[in-house]
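Chemist: generate a structure from the sequence data that follows.
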Amino acid sequence: MESAKKANRPTRAIVDLDAIVHNIRALGDLLPPETIHMAVVKADGYGHGALPVALAALFAGATRLAVATVEEGEELREGGIKAPILLLGNLPLTHALRAVKAELSVAVYNEETLKALSEAANEAQGVAKVHLKLDTGMGRLGLWGERALEIAVMAANTPNVSVEGLMSHFATADERDLSFAREQLERFKTLVKDIKDRVNLSTIQHMANSAGTMVLPEAHLDMVRTGIAIYGQYPSPEISHTVELIEAIRWVAPITHIKRVAKGTPLSYGSTNRTTRESVIATLPVGYADGYPRVLSNKGAVLIAGKRAPILGRVCMDMILVDITEIPAVALGDEAVLIGKSGDKSISAEDLATLSGTINYEIVCSISKRVPREYSTKIDTLLFDIIERGYYTI
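Modeler: Predicted coordinates:
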């Protein structure tokens, strides 16, 4: 079968790997020397590209990676990554052998997964590494109470299985009120103690996400798992910006058409916008199929030559219209910035999220794979360094 052709959309997302390196190091500066830094690169590196982000993160000091699916882990292995990788999400039992062969550690919260991994490791003549997932208040996945103790004992005695970690996940560490987060942390510590009282386990204990890493130093434990923050996005508007993060993605599109229209001209689907004056309208080759939110119809804006160009009419699948009447000397091919800086102005993923009524996570993760990613870095030793440390192979 012929491989899929590379995306050739005129719009593109430029990922600054130096920003990833900066963010990893800035977050790492918060940690005690003995605390492991795990970089979360699931969802294709939150839309930034999992493999390039993984390389930059390992170069910057992270020593482990996390993904959500077996496929994501396999892609990193196929890309040459040798560092430890933890599968955070659900493991379909039919994928157990694939996980073992790819040497992925797996978050486990039931005996069925333990059994499947044990059988897979036996078949592969290897060992399945697992992190027992404890539910301390997220209510999503995980073990609690007596059941957590039962599965921990079972895991410790399951053939071909090694319990590498005990983990949980914060539900509200990105909120100003940290009382529930601290309550969760105490529940986790109690569960860990109860487990260790019942079975002898030497494990990595970890719970802190980006928010927990930034605001709860007592939650750093043996390892932290940073996700959104390594991409230069703060976990929520309620998190203080005491750690300087640099937004790693810049999203741009060229102007492909310019036209002058009369007052009262209807624009885009549904004619939801009519010009209130004689106007100059530019068309950009980007739309909701590329991940630009349709909800920004008639209220979003882009930057052209350092000036704001409002979106007029509905965002289409592949195009948007913007008003450039007040921006002089605009020509075909000029760059419009959807996320990033232009002159002394900027639009961030957080800005788009606020306007869209969502979160910055969704904005960056939603940039479609059909938008080509380009990568910039001034660090010419990046690959050489992580090869030397055994995290990557060509």
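
Chemist: end-to-end on stretch 15-35?
Modeler: 28 Å (CA to CA, to the nearest Å).

Chemist: average pLDDT for that stretch?
Modeler: The average pLDDT within stretch 15-35 is 97.

Chemist: where in the chain is pLDDT low?
Modeler: Counting by pLDDT under 70, the chain contains low-confidence residues at 1-7, 382-384, 386-388, 392-394.

Chemist: helices along that one, start to end?
Modeler: 17-28, 42-46, 50-60, 70-78, 96-101, 111-124, 145-156, 179-198, 210-215, 349-356, 360-365, 382-388 (DSSP state H).

Chemist: and the residue nearest the centre of this structure?
Modeler: The centroid of the chain falls nearest to Y46 when counting by CA atoms, centre = their mean (2.7 Å).

Chemist: quick one on the thing from earlier: okay if I get the helices of the chain as CSV plus distance to A173?
Modeler: Backbone N, C-alpha and C define where each C-beta goes, glycine included. What follows is the helices of the chain, written out as CSV (distance: least, CB to CB, whole Å):
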stretch, distance to A173
helix 17-28, 14
helix 42-46, 18
helix 50-60, 21
helix 70-78, 24
helix 96-101, 28
helix 111-124, 26
helix 145-156, 21
helix 179-198, 4
helix 210-215, 4
helix 349-356, 18
helix 360-365, 14
helix 382-388, 30
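
Chemist: what distance do you get for the residue nearest to the centre of the chain to T272?
Modeler: 32 Å (CB to CB, to the nearest Å).

Chemist: what about L134, how many neighbours?
Modeler: Residues lying near L134 (other CB atoms under 10 Å) number 27.

Chemist: now do the contacts for the nearest residue to it once chain neighbours are set aside.
Modeler: Nearest residue to L134 in three dimensions, chain neighbours excluded: S168, at 4.6 Å (CB to CB, 6 or more residues apart in numbering). S168 is in contact with K133, L134, D135, T136, M138, G142, Q184, R187, F188, L191, M207, counting by CB atoms under 8 Å, 6 or more residues apart in numbering.

Chemist: please apply the same query to G89.
Modeler: Going by CB under 8 Å, 6+ apart, G89 touches K42, V67, A68, T69, A107.

Chemist: which residues touch the last one?
Modeler: By CB under 8 Å, 6+ apart, the contact list for A107 reads L86, L87, L88, G89, L91, V130, H131, L132, K133, L141, M167.

Chemist: tell me the bridge partners for the nearest residue in space to it that is not next to it in sequence.
Modeler: Nearest residue to A107 in three dimensions, chain neighbours excluded: K133, at 4.7 Å (CB to CB, 6+ apart). Beta bridges link K133 to M167 when assigned by DSSP bridges.
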